[in-house]
Each structure stands twice: as C-alpha cells, then as structure tokens.
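Undergrad: let's see this in three dimensions:
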Amino acid sequence: MEDFQDANELDWIESVKSEGDVPLLEPDYCPNGWATPPGDKFMVRGPEYFTTKVKIPAGDYLLKPLGFDWIKGHSKICDVLNNRNSRVAKAVADAVAAGENPFVWAFNLQVPSKENYSAIAYFVNVDPIEEGSLMDQFLKGDDAFRNARLKLIANIVNGPWLVRTAVGEQAICILGRAVACKYCIGENFIEVDVDIGASMVANAIVHLAFGYVTSLTVDLAFLIESQTETELPERILGAVRFSELDPASAGMYEPPSDESDENMQASLGSRLWKSIGQGFSNLLHAGPQDGDALAEVNANGCAQENGSEDMLK
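TA: Numbers count the residues shown, from 1 in each chain. Next up, the predicted model:
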C-alpha cells in the first residue's frame, strides 16, 4: 500500500515536471530548457562556519524539484499559486483531493521588462515539515524574519564574459534586503514574488543579462540562511538550472477569472461612457433647425447607452 501511494505521488510530480512551455532536460545539455543542477555546485556555510568561515558543498536538497515556468503577461505576474488557472495550482489541488498533503514552494522572479516576464521555480515537500526547523520558522515567521533569511545563490555556468564579470563566479544575496519580496502563503504552498525591478543594481544586472539570455546558462539555489551555530550546516531548499531561454518560447500567463471579469467590466464601462460622450457631442453639434435630426441623434444616443447598460447587466 505504501509503495502504491509513493508511485501515485511520484506520478503527479513527474507530470508537473514534464509540462510547461520550457522542457525538462538533462543538466549537462538543456538549451531552452531547465534542469536540476548537482547540489555540490553550490558552496554553503559548513558546521563550524562561525569559527572557521569554511564553506562546504551543499549536497542533497531539502525539497524535490516540481517544475519551472517561463511565462509573460499583460501585467506583472504574481500570486500564481492562488490562481485557479495555474497549471501547478491545479495539480496541487488534485493531489490534495486525492488524499495527499504536498507543500509547494514557488520562487517567482519577476524580470523587469515591458513584456512582464517571470521565471518561476517550483519545489515540493512531500513529508511533514519538522517542528521548530528553519523551514518551519520561515513559514510561521513574519516578513521581517523572511526578508532577513531568504538567500539566493546564483552561478553563471555559461555565458558572455560581460555577464560573468557583472554577476561574479558565485553571486550570493539575501533577497529581502536586495530586492522587494512579497510572500503569499496558503494551506499547501508558499510563493515568493521577487520584484527584481525594485532594486536599481539588480535591475541593471538583470537588464544586462536579459540581453544575452539566449546564450546564458544559470544555476539558482534558494535557501534559508543559518545565523546561529545550532542551525549549521546550511541546507539548500531547492535549485534550478535554466539555459539559453528564448523570450519567444515564454507562455502567455492566464490571469485569474475574476481578474478577467474585472477587465471586462472596465472595458464595458469605458464603452458606456464613450457612447454617452458621443451622444452629447452629436447633440451639441446639431443645428437648431434640425429638429428631426436632433430627435434621431437622441434616439441613437439612448439606443447606444441602453445597449451598453444591457451588456453590463
């Protein structure tokens, strides 16, 4: 019975990993794709770091890789796991309905551009989170705690010299101190929306990198920083590699239905006021002798307005 449940669990995770606009490929060669890089590619604080300052290879990740999205939208993309149209949100809902209890971590890097691109890495914890662990503290803490602890390690695996020089061999930053982060937490997920454009420095670096995105291979690791000896050694939550992403391959994000309804209502309202304005404009330009024409304009104006009102109902 346990093996059967493990197989079902693996099935839905593998299904999510294989979906999306960017394919899952092997780490050694993943053009216009994504992969999971080896944990030893990242250096983290070792068990005696506060005494020796020695870092060690990270090793195994705490979370399983779940998926990667490379998407764009008409506005900045956020709260993806609260969106019932999101493929990952649907998969989590189905897993919960099937009696499973996954917990998903999503890191949404909002790329500063007029096309509103987002690169979203998803990871999943299928076992209960240990009480009192850093993961538990992170989920139960406030935004100040999260901003002080959430760390990003970025490696440029392949790319032009200009980008590698700007980023460095291994860039490390506390995300909440470097850029603006919004935390959205649900019963079965946490999503971190990272507004890279909120930082002038990060904005400049990402703009530079985005110009070479089709020739870049980047590793990103997410972890909760250890700040006391009892929290050492550091463990990485999860990591993703994406390579030579093509902006043209980004899927179009489907906003929540209620957002679409609001946009429709706004459009209808705009059409209503436009029709009223046209009616008044025609009325003002009608000559005093044109009584029949004036009556026709009034009738047409009322017909347009009533038609819009009918659409609003």
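Undergrad: which residues touch Met252?
TA: 71-73 (C-beta atoms under 8 Å, 6 or more residues apart in numbering). Bear in mind the C-beta positions are built from the backbone N, C-alpha and C, glycine included.
Undergrad: so which of those belong to helices?
TA: Assignment to helices by DSSP state H places none of the contacts of Met252 there.
Undergrad: domain parsing of the chain, as residue ranges.
TA: Partitioning the chain according to automatic domain parsing yields domains covering residues 2-252, 257-312.
Undergrad: check those for me and report the most buried one.
TA: domain 2-252 (a mean of 17; mean count of other C-beta atoms under 10 Å).
Undergrad: avg pLDDT for that one?
TA: For domain 2-252, the mean per-residue pLDDT is 94.
Undergrad: re the thing from before, nearest to Leu208, of the contacts of Met252?
TA: In terms of C-beta to C-beta, no member of the contacts of Met252 lies closer to Leu208 than Lys72, at 19.4 Å.
Undergrad: wouldn't that closest one be in contact with Ile120 here?
TA: No: using C-beta atoms under 8 Å, Lys72 is not in contact with Ile120; the gap is 11.6 Å.
Undergrad: and Leu175, what does it touch?
TA: Contact analysis of Leu175 by C-beta under 8 Å, 6+ apart lists 147, 150-152, 181, 192, 194.
Undergrad: same check on Pro37?
TA: For Pro37, the contact set (C-beta under 8 Å, 6+ apart) comprises 27, 155, 157, 219, 239-241.
Undergrad: just the strands in the stretch 51-200 of the chain please.
TA: Remark: strands assigned in the stretch 51-200 of the chain by DSSP state E, counting those that start in this stretch are 55-57, 64-72, 103-110, 117-125, 150-158, 170-174, 180-186, 189-195.
Undergrad: for Phe210, give its distance to Ile156.
TA: 13 Å (C-beta to C-beta, to the nearest Å).
Undergrad: my bad, should have said Leu220
TA: Distance, Leu220 to Ile156, by C-beta to C-beta: 11 Å.
Undergrad: now do the shared contacts for these two.
TA: Any residue near both Leu220 and Ile156 by C-beta under 8 Å, 6+ apart counts here, and not one turns up.
Undergrad: please name the bridge partners of the residue nearest the centre of the chain.
TA: Against the mean C-alpha coordinate of the chain, by C-alpha atoms, centre = their mean, the closest residue is Asn108 at 2.6 Å. Beta-bridge partners recorded for Asn108 (DSSP bridges): Ile120, Asp193.
Undergrad: now do Pro65
TA: Here Pro65 sits in beta bridges with Phe123, going by DSSP bridges.
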